[in-house]
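Student: What follows is a protein structure lacking sequence information:
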């Protein structure tokens, strides 16, 4: 039961961190309005990040419980964190035109000098699609962990039968 609680808490912490960043970077709007706008535009990304991270924590804890060690665990966790960071970063772009996340306007204004005008335009224009891509990375690494865990469990059962 502790594994499920830890997984749920990790997912909730991920969603909370996202919403805290939205509130902090949107001083012009009340917190409830900023959160409401974020959920209207990015509910799939927000909930998806929480679920993806929660599943990853669940798989990691189950593997520890059974004495299995996922070889690429560090890579999976860092890939999952990278996917979450990318998904949240790109999802903020869709909030800027609505007055949410005003701090990101500053980031967007620096983008052309760092990446060039063309790359900046692509990032801004396709921010939502890139956020979904980051979410796909999160679930891809989680699926990879689930596959490896299942394969290890199956292998250990076969060894026990011998």
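Tutor: Arrived safely, thanks for sending. All of these numbers come straight from a predicted model, not from anything done at the bench.
Student: All the helices of the chain, in order from the start?
Tutor: Ranges of helices within the chain are 2-24, 31-65, 73-93, 103-115, 117-125, 127-161, based on DSSP state H.
Student: Make TSV from those helices and add mean pLDDT and mean neighbour count to it.
Tutor: Where C-beta positions appear, they are placed from N, C-alpha and C, glycine not excepted. Shown next, in TSV, are those (pLDDT from 0 to 100; neighbours: other Cβ atoms under 10 Å):
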stretch	mean pLDDT	mean neighbour count
helix 2-24	91	16
helix 31-65	89	19
helix 73-93	63	19
helix 103-115	68	13
helix 117-125	74	13
helix 127-161	81	16
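Student: what does stretch 8-19 rub up against?
Tutor: With contacts defined as Cβ atoms under 8 Å, 6 or more residues apart in numbering, stretch 8-19 is touched by 35, 38, 46-47, 49-51, 53-54, 56-57, 84, 88.
Student: if you set the cut-off to 7 Å instead, what comes out?
Tutor: 35, 38, 46, 49, 50, 51, 53, 54, 57, 84, 88 (Cβ atoms under 7 Å, 6 or more residues apart in numbering).
Student: was I right about the second one contacting residue 22?
Tutor: Yes: under the contact definition of Cβ atoms under 7 Å, residue 38 touches residue 22, with a separation of 4.7 Å.
Student: returning to what we had before: tabulate the contacts of stretch 8-19 (CSV), appending distance to residue 123.
Tutor: Formatted as CSV, those follow (distance: Cβ to Cβ, whole Å):
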residue, distance to residue 123
35, 24
38, 19
46, 20
49, 19
50, 24
51, 25
53, 24
54, 28
57, 30
84, 18
88, 14
